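A.B. asks: Any chance you could fold what I've pasted below:
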Amino acid sequence: MRADNSIHLAAAARQRHEQTLAKAIAALHDLDQAGAAISFKAVADHAGVSRSWLYTQTGLKDEIRRIRALRQPEPGQPTPSPERASDESLRQRLTLAHQRIRELDDENRRLRGQIAHLHGQIRASRTTSSRTPPTTRTP
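C.D. replies: Numbers count the residues shown, from 1 in each chain. From the prediction side, this is the model:
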């Protein structure tokens, strides 16, 4: 009978998990110290682990969210300049939105005209079919 070696497998798995967790924590702190963006993708890439694994690690997941929350500007504070849309950019977006609205209005008008025309054809075909007497067959 073989000896039960499952204890050694469990110990190796536990050790591998602890090493991976330590690597992910180190990656998180490296990114934080460097002032880099903190995200699950950034931590996963830096540590060489999967994002799905990070989401299963409750303590690490909470730490990522905590650090990210600390970096968020307080509500009501202005957005830093590089992240804020310029006036020219906003004007351009507004112009494009107005142009798209005009295009959609024109398309709606054209489609409503087509519908009205088709309704007229249907009405006309019903009217002409009701005026013609049914044909009767003679044997």
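
A.B. asks: And the contacts of stretch 42-56?
C.D. replies: Defining contact as C-beta atoms under 8 Å, 6 or more residues apart in numbering, one finds that stretch 42-56 is touched by 20, 23-24, 26-28, 30-31, 36, 40-41, 60-61, 64. Just so you know, the C-beta spots here come from the backbone N, C-alpha and C atoms, and that holds for glycine as well.

A.B. asks: With adjacent residues omitted, what lies nearest to the spatially most central residue of the chain?
C.D. replies: Nearest to the mean C-alpha position of the chain, by C-alpha atoms, centre = their mean, lies residue 41 at 15.0 Å. Excluding its sequence neighbours, the residue lying closest to residue 41 (C-beta to C-beta, 6 or more residues apart in numbering) is residue 51, at 6.0 Å.

A.B. asks: which secondary structure elements does the host helix or strand of residue 32 contact?
C.D. replies: Assigned by DSSP states H and E, residue 32 belongs to helix 6-34. Contacts defined by 3 or more C-beta pairs under 8 Å, 6 or more residues apart in numbering; DSSP states H and E place helix 6-34 against helix 40-47, helix 58-71.

A.B. asks: tally of neighbours for residue 44?
C.D. replies: 18 (other C-beta atoms under 10 Å).

A.B. asks: pLDDT at it, what is it?
C.D. replies: Looking at residue 44, its pLDDT reads 93.

A.B. asks: again, but for residue 78
C.D. replies: The model reports residue 78 with a pLDDT of 60.

A.B. asks: so where's the protein uncertain?
C.D. replies: 1, 73-84, 132-139 (pLDDT under 70).

A.B. asks: Mind splitting it into its structural domains?
C.D. replies: Listed by automatic domain parsing, the domain ranges of the chain are 10-72, 89-124.

A.B. asks: Which one of the ones you listed lies nearest to residue 130?
C.D. replies: With respect to residue 130, and counting by C-beta to C-beta, the nearest of the domains of the chain is domain 89-124 at 10.8 Å.
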